[in-house]
Each structure stands twice: as structure tokens, then as C-alpha cells.
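> take this sequence and fold it.
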Amino acid sequence: MIGIVQTVAKGGCGVIHDNDRTVFVPGVIRGEKIEFSVLHRQKGVWQGKLQRILEPSPQRVEAPCRHYGDCGGCNLQHMAYAEQLRCKEEILAANLKKIAGFGRSEPIRVLASPPFRYRSKIELQVRNGSLGFFRKKSHQLVRIGQCLLLSESAERFILELPPLPAGSNGVLQILGNGTELAARMRSDTGEIRWLTPLRALFFDFPPDRYRYGPEHFIQANLLQMAPMLALLAEHLPASPEEGAADLFCGCGFFTLPLARRCERVLALESDADNLLALRANLVLNRIGNVEVRAQDALRAELPPLGLVVLDPPRGGLSAATIARIARARVKKVIYYSCDSATFARDLRLFLAQGFGLRELKLIDNFPQTDHFEIFSVLGNKA
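So this is what the prediction gives:
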């Protein structure tokens with residue numbers, strides 16, 4: 001079959017209209033004329049396979065990683081970086097319109113990233129002593145000889161790692177701060193084996209200093225951490241006059257700057273390892289105006305607050321959580337999201353509760369993949 005790629009959808013596949021079917025084909029770019037085959041229908045969606053590119057896009061490039069197409073980590077390396085950003089902006093705009101009913105006349109502002117060597121943390125699969133990443137949509141291991149998303153020091157560490165014992169299975173977790181590495185092997189049975197002398201690293205964003213280990217949640221793009229904090233700082237109160245909450249606070253990435261600009265801060269986190277790191281980071285920075293609760297933020301009742309910061313997992317929030325935020329008479333919500341569909345769903349619920357969208361940015365924390373982060377500011381109209 002022959003078709004023209006209409007757009008690239010969430011998931012990184014090109015969309016082709018074939019008579020009464022919509023077929024999703026990976027590895028293509030908008031506007032390309034391709035030959036493709038239809039494989040099967042999965043969850044109501046027709047999946048296709050690229051056979052031949054008949055008319056390539058000027059935005060097509062040779063993928064620089066030799067594992068591209070086998071490894072399941074990247075899915076946009078065949079696009080020039082500018083085209084990747086354009087696709088992501090289009091995906092976000094489409095979900096805002098389709099799911100939230102929110103149309104925008106002006107382009108969405110984009111905070112771009114260096115396209116390679118940006119990862120702060122990586123997890124590699126270990127199967128029977130072999131190291132690599134899973135093939136897309138499978139548990140079949142692809143052994144790697146390079147990964148261009150890692151820092152050069154992390155990539156070198158992997159390549160120079162002594163052979164792992166035969167029969168070992170688990171995950172290799174590597175954390176880097178730009179100069180140092182901490183790495184550990186977590187077996188499928190829960191056993192931990194450290195592979196570096198350092199077990200935690202410091203990340204400095206003055207005036208705050210953070211201590212993270214490979215087991216903690218950390219923003220995936222080391223080079224975008226400072227810009228993400230700068231976006232937050234633009235919308236914090238000028239003086240510590242009101243209360244704030246940091247929901248899904250992790251190890252305190254947003255909690256620390258919040259505490260320096262707000263009178264009191266409520267920090268909610270349910271993961272035990274992150275809670276330990278959060279409390280240690282508060283002590284490290286001599287911050288005492290934070291109430292830490294070991295609690296699921298999706299189910300928490302909130303006191304009256306001036307500001308709420310949200311950075312939930314990919315599943316986003318819930319209608320009940322958003323209703324509780326509204327009941328707390330929150331004046332402003334700063335929402336970081338890593339999924340455009342759940343963000344659009346939550347935005348629709350916030351709008352229904354009387355909030356308005358004040359600012360929106362696309363933060364490209366995941367170059368070479370279809371994933372990205374969203375920064376938004378919502379104000380209560382009440």
C-alpha cells in the first residue's frame with residue numbers, strides 16, 4: 001500500500017488514512033510518501049509497518065545510534081531535532097483541542113534541550129548477565145555498545161564494566177551529575193550490589209543543594225533541571241506571605257525553592273526512599289518551614305493554600321484530587337506534566353472548577369523520543 005503521512009501522533013507513529021482505516025506507521029515523518037503494510041488491529045487501532053520511503057522529507061536524517069530501530073528507547077532519531085520539536089508541539093496542541101476543548105491561536109512556546117548526552121539517570125536491563133535495553137513492546141534484550149542519551153562518562157562506565165555473573169537478572173541504575181557517577185545493580189530478588197564507591201551525588205542549584213542516589217526519583221534531563229527551577233521561580237510569591245503545597249514532591253526538587261519563598265510548605269510523598277532523601281535535603285539546606293507527610297497526594301485533603309505545585313506520575317491527577325484543590329481555595333497551581341493526554345484531561349477538569357490557563361510551555365526533556373514535559377500555570381478565577 002502507498003500513502004502520505006498526515007501527521008505524527010503521540011507514540012511517535014505517523015498517521016496514514018487508508019480508505020476507512022487510520023493506520024499508524026513508525027519511523028516516518030509528516031508529508032512523506034511511503035509504501036507500507038498493515039499488520040493487525042490492536043486496541044482498536046490499525047498498526048502498520050514501513051516498507052519503503054518513496055518521497056523522503058527534507059527533515060529526515062541518518063540516525064546516529066547504531067542500535068536505533070532495535071533498542072526500544074528512542075523513536076524519533078530519524079528526524080532532525082527541529083522537526084522533533086515541531087511534532088511535539090503539534091501533539092500537545094492536538095490533545096489540548098481534542099481532550100480539553102482548548103484551542104490556541106498562538107504557537108506553544110518550547111524550551112529546547114541539547115539533543116544528546118542529556119540523561120541524569122538511566123536504568124539498563126540485566127538478563128542472564130547481559131546488559132542492554134528491551135526491544136520495543138517486548139522483554140527481548142538488545143545488548144548495547146553505545147547510548148547517545150547518556151553522558152560520555154556513563155557510556156564509558158557501561159562499556160568498561162566487568163562481565164556480570166551469568167544468571168544475574170535485574171536492573172542496573174546509573175546516576176550522573178555531570179562529573180561523578182553512582183551506580184548499583186538491583187536484582188530481581190531485591191538484592192543490591194553497588195558498582196561505584198559513591199552511593200549518592202550532590203546536585204547544586206544555588207542557593208539549594210540536593211543529594212540524590214540512583215534509587216531516587218530525579219528529573220530525567222540533567223541539562224533542563226536549572227531551566228525548570230527558573231520557570232518555577234518566575235511564579236513564586238515575592239515575599240513569604242502565604243502557604244504552599246508540593247504534591248508528589250519526590251526528594252524535594254521543587255520543595256526547597258518553595259520553602260524559601262513561602263511562609264510554610266506542605267510536602268506530600270508516598271515513596272519511602274524519596275521521603276528519606278527529602279528529609280535529608282531539608283536538613284542539608286537548613287530549611288525548617290516544611291511539613292512532610294508520607295501520604296498519597298491523590299487522596300490528600302488540603303488546607304487553604306495560596307499555591308500548589310504538581311509533578312505527578314504519567315497517569316496525572318483525578319477528578320477528586322482536582323476538586324479537593326479547588327475546595328482548598330488555591331489561588332494558583334503550577335503543574336508539571338509528563339503526558340499530554342492526561343494533562344489535557346486534567347486541564348479540562350481544572351477549567352470546570354473555575355481555573356484559567358495563564359501560561360503554557362513545552363519542555364523537551366526527552367529528545368530523540370516522542371515524550372516531553374509540560375509546564376503550566378493555572379489561576380483561580382474566584
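
> show me where the stretch 151-300 of the chain has its strands.
Using DSSP state E, counting those that start in this stretch, the strands of the stretch 151-300 of the chain run over 170-176, 181-187, 192-194, 201-205, 208-212, 243-247, 264-269, 290-294.

> what's the most buried one of the ones you listed?
Highest mean neighbour count among the strands of the stretch 151-300 of the chain (mean count of other Cβ atoms under 10 Å): strand 243-247, with a mean of 26. For every residue, glycine as well, the C-beta is placed using N, CA and C.

> from the contact counts, what lies against it?
helix 255-261, strand 264-269, strand 307-310 (3 or more Cβ pairs under 8 Å, 6 or more residues apart in numbering; DSSP states H and E).

> and the ones you listed as a markdown table, adding distance to Asp339 and mean pLDDT?
Formatted as a markdown table, those follow (distance: least, Cβ to Cβ, whole Å; pLDDT from 0 to 100):
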| stretch | distance to Asp339 | mean pLDDT |
| --- | --- | --- |
| helix 255-261 | 22 | 96 |
| strand 264-269 | 20 | 96 |
| strand 307-310 | 13 | 96 |
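
> with distance to Val290 added, can I get the ones you listed in JSON lines?
Output for these, formatted as JSON lines (distance: least, Cβ to Cβ, whole Å):
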{"stretch": "helix 255-261", "distance to Val290": "5"}
{"stretch": "strand 264-269", "distance to Val290": "5"}
{"stretch": "strand 307-310", "distance to Val290": "12"}
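
> list the buried ones in the lowest-mean-pLDDT helix or strand in the chain?
Within the chain, no helix or strand scores below strand 33-42, which has a mean of 88 by mean pLDDT, DSSP states H and E. Going by neighbour count (16 or more other Cβ atoms under 10 Å), the buried part of strand 33-42 is 34, 36.

> that strand - which strands sit beside it in the sheet, and in what orientation?
strand 2-4 (antiparallel), strand 45-55 (antiparallel) (DSSP bridges).

> which strands and helices sit next to the helix or strand just after the last one?
Taking DSSP states H and E as the definition, the helix or strand that follows strand 45-55 towards the C-terminus is helix 81-100. For helix 81-100, the elements it packs on are strand 7-8, strand 109-111, helix 340-352, strand 355-363, judged by 3+ Cβ pairs under 8 Å, 6+ apart.

> could you check the angle strand 355-363 makes with helix 81-100?
160 degrees (axes from the mean of the first three to the mean of the last three Cα atoms, to 10 degrees).

> per-residue pLDDT of the spatially most central residue of the chain, please?
The chain has Cys338 as the residue nearest its centroid, 4.5 Å off, counting by Cα atoms, centre = their mean. You'll see Cys338 listed with a pLDDT of 96.

> ok, it - contacts?
313-314, 365, 371-374 (Cβ atoms under 8 Å, 6 or more residues apart in numbering).

> just curious, which of those is nearest to Ile218?
Of all the contacts of Cys338, Asn365 has the smallest distance to Ile218: 11.5 Å, by Cβ to Cβ.

> ok, the residue nearest to that closest one when sequence neighbours are not counted - contacts?
Spatial nearest neighbour of Asn365, chain neighbours left out: Asn221 (4.0 Å); criterion: Cβ to Cβ, 6 or more residues apart in numbering. Contacts for Asn221 (Cβ under 8 Å, 6+ apart) come out as 113, 118-120, 365-366.

> could you dump these into TSV and include neighbour count, distance to Thr189 and secondary structure?
As requested, the contacts of Asn221 are exported to TSV (neighbours: other Cβ atoms under 10 Å; distance: Cβ to Cβ, whole Å; DSSP: H, G, I helix; E, B strand; the rest coil):
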residue	neighbour count	distance to Thr189	secondary structure
Ser113	21	37	coil
Tyr118	21	32	coil
Arg119	23	27	strand
Ser120	24	27	coil
Asn365	25	32	coil
Phe366	23	31	coil
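
> which of these lies closest to Leu305?
Asn365 (26.9 Å).

> so that closest one makes contact with Ile374?
No: applying Cβ atoms under 8 Å as the test, Asn365 and Ile374 come out as separate, 10.0 Å apart.

> and Pro304, how many neighbours?
For Pro304, the number of neighbouring residues by other Cβ atoms under 10 Å comes to 11.

> excluding covalently adjacent residues, which one is nearest to it?
Arg329 (5.1 Å).

> go on, Ala297?
Of all residues beyond its chain neighbours, the one nearest Ala297 is Leu247 (3.8 Å), with distances taken as Cβ to Cβ, 6+ apart.

> what's the pLDDT at that neighbour?
96.

> which regions of the stretch 1-150 of the chain lie under the pLDDT threshold?
Scanning the stretch 1-150 of the chain for pLDDT under 70 picks out no residues.

> coming back round to it: closest to Pro237 among the contacts of Cys338?
For the contacts of Cys338, the nearest to Pro237 is Ile374 (22.7 Å; Cβ to Cβ).

> just checking, what packs against the one helix or strand the closest one maps to?
Assessed by DSSP H and E, Ile374 sits inside strand 373-380. Packing contacts for strand 373-380, counted by 3+ Cβ pairs under 8 Å, 6+ apart, involve helix 225-234, strand 332-337, helix 340-352, strand 355-363.
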